[in-house]
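Structure, please.
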Amino acid sequence: MIEIKRKEGESPNAFMYRFTKKVQQSGVLKEAKRKRFHSRSQNKHARKQSALFRSAKKTEITRLKKIGK
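This next block holds a predicted model:
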C-alpha cells in the first residue's frame, strides 16, 4: 500500500506527479495489469470432464450431419 501525504505549499499537480511516480516505481500497477486476466488452471477431474463433454458433443454433431440435420 502506497501512502503519500501532501507537502505544505505543494500544488495539486505536483502532488499528482509525485504520486504517479511512486506508483510506477512500486510496480503496483504493473502487477495489477499482469494479474488482470490470469485464470486458475483446472484440476485433473475438471479437465477430464471437459474433454469427455467435447468428445460427446463432437460425435453428436457428426451424427446429425450424417442424417442431414
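
Give me the number of neighbouring residues for the nearest residue in space to residue 4 that is not next to it in sequence.
Distances taken as Cβ to Cβ, 6 or more residues apart in numbering put residue 19 closest to residue 4, at 5.2 Å, once the chain neighbours are dropped. (Each C-beta comes from the backbone N, C-alpha and C, glycine too.) For residue 19, the neighbour count with other Cβ atoms under 10 Å is 13.

Helices of this structure, start to end?
Using DSSP state H, the helices found in the chain span residues 12-26, 28-35, 44-66.

Let me have those in CSV, extended by distance to residue 2.
Shown next, in CSV, are the helices of the chain (distance: least, Cβ to Cβ, whole Å):
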stretch, distance to residue 2
helix 12-26, 5
helix 28-35, 7
helix 44-66, 38
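
Where among those helices is average confidence lowest?
Mean pLDDT values for the helices of the chain show the minimum at helix 28-35, a mean of 89.

okay, the angle between that helix and helix 12-26?
Here the directions of helix 28-35 and helix 12-26 differ by 50 degrees (axes from the mean of the first three to the mean of the last three Cα atoms, to 10 degrees).

can I see the domain layout of this structure?
Domain assignment for the chain by automatic domain parsing gives 1-38, 40-69.

buried ones in the last one?
Read that as domain 40-69. Residues of domain 40-69 classed as buried by neighbour count (16 or more other Cβ atoms under 10 Å): none.

No further questions, thank you.
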